[in-house]
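In: just a sequence and a predicted model for now, questions to come.
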Amino acid sequence: DAGVIQSPRHEVTEMGQEVTLRCKPISGHNSLFWYRQTMMRGLELLIYFNNNVPIDDSGMPEDRFSAKMPNASFSTLKIQPSEPRDSAVYFCASTTTHQETQYFGPGTRLLVL
Amino acid sequence: AQSVTQPDIHITVSEGASLELRCNYSYGATPYLFWYVQSPGQGLQLLLKYFSGDTLVQGIKGFEAEFKRSQSSFNLRKPSVHWSDAAEYFCAVGGSGGYNKLIFGAGTRLAVHP
């Protein structure tokens, strides 16, 4: 089992640039979560998809953030334009609807200069 | 509102010593409770979970946790710590919002002295 796959693992960009983070959930999982981890705020849920549909996006910080899940095996989190305060580690996690355990990817470490 | 408190930000123990990491939660019903471990530069790995039944749960790497409803606690324990246990540990509560939305504690960073 390959686990949750995230790319890139590291991203350094300049303020104002567009950033796209990618996630491939575990095959067969139909629920996908995007989290952000910072020193100040810890781990925060940004958005939750079930069967490719966004169910809860209350954690998305502002309109600069958007997430999509065009199919069951791929999701993106986009930040446009990026700002230094977006610097964080972004995690993707997946599970099945009736399974409570979430499986996390290795994360993408984003630095916005 | 649901919340998780991990009172200890940093803990240092000697290798071979016992360990207890504290976790208190606030939740309106019987929670789903989790402990995850994060090694430097890595993602989160599930150590153990509690949903129902026996309040003492066993996990991987020799860890165990005990659910105490009266104290709203779910403390993580290990009888003898190994140097490889140095990591950050997160307690989480789930089950809210109609799906298993996880609320994480701030984490406890464990250092192990040889």
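Out: Perfect, thanks for sending it. Here the structure is a predicted model, which means the values were calculated and not measured. Numbers count the residues shown, from 1 in each chain, chains lettered A, B, ... in the order given.
In: name the helices or strands packed onto the longest strand anywhere in chain B?
Out: Looking across chain B with DSSP state E, the single longest strand is strand B:87-96. Judged by 3 or more CB pairs under 8 Å, 6 or more residues apart in numbering or on different chains; DSSP states H and E, strand B:87-96 is in contact with strand B:3-5, strand B:32-38, strand B:73-78, strand B:101-104, strand B:108-113. All C-beta atoms are positioned from the backbone trio N, CA, C, and that covers glycine.
In: can you flag the weakest of those strands by average pLDDT?
Out: Here the helices and strands packed on strand B:87-96 differ in mean pLDDT, and the lowest is strand B:101-104 at a mean of 87.
In: report whether that strand contacts chain A.
Out: Yes. Using CB under 8 Å from any CB of the partner chain, strand B:101-104 reaches chain A at B:101, B:102, B:104.
In: most neighbours among these, which one?
Out: residue B:102 (26 neighbours; other CB atoms under 10 Å in any protein chain shown).
In: how about the strands in chain A?
Out: A:5-7, A:10-13, A:19-24, A:31-38, A:42-50, A:53-56, A:65-71, A:74-79, A:88-95, A:103-104, A:108-112.
In: that older thread, would you mind giving the residues of strand B:101-104 next to chain A as a markdown table with distance to residue B:11 added?
Out: Converted to a markdown table, the residues of strand B:101-104 next to chain A look like this (distance: CB to CB, whole Å):
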| residue | distance to residue B:11 |
| --- | --- |
| B:101 | 28 |
| B:102 | 22 |
| B:104 | 18 |
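In: quick check, nearest of those residues to residue B:18?
Out: Closest approach to residue B:18 among the residues of strand B:101-104 next to chain A (CB to CB): residue B:104, at 24.7 Å.
In: for the chain, what are the low-confidence residue spans?
Out: Looking at chain A here, since you left the chain open. Across chain A, the ranges flagged by pLDDT under 70 are A:1.
In: that was the other one, I meant chain B.
Out: For chain B (pLDDT under 70), the answer is B:96-99.
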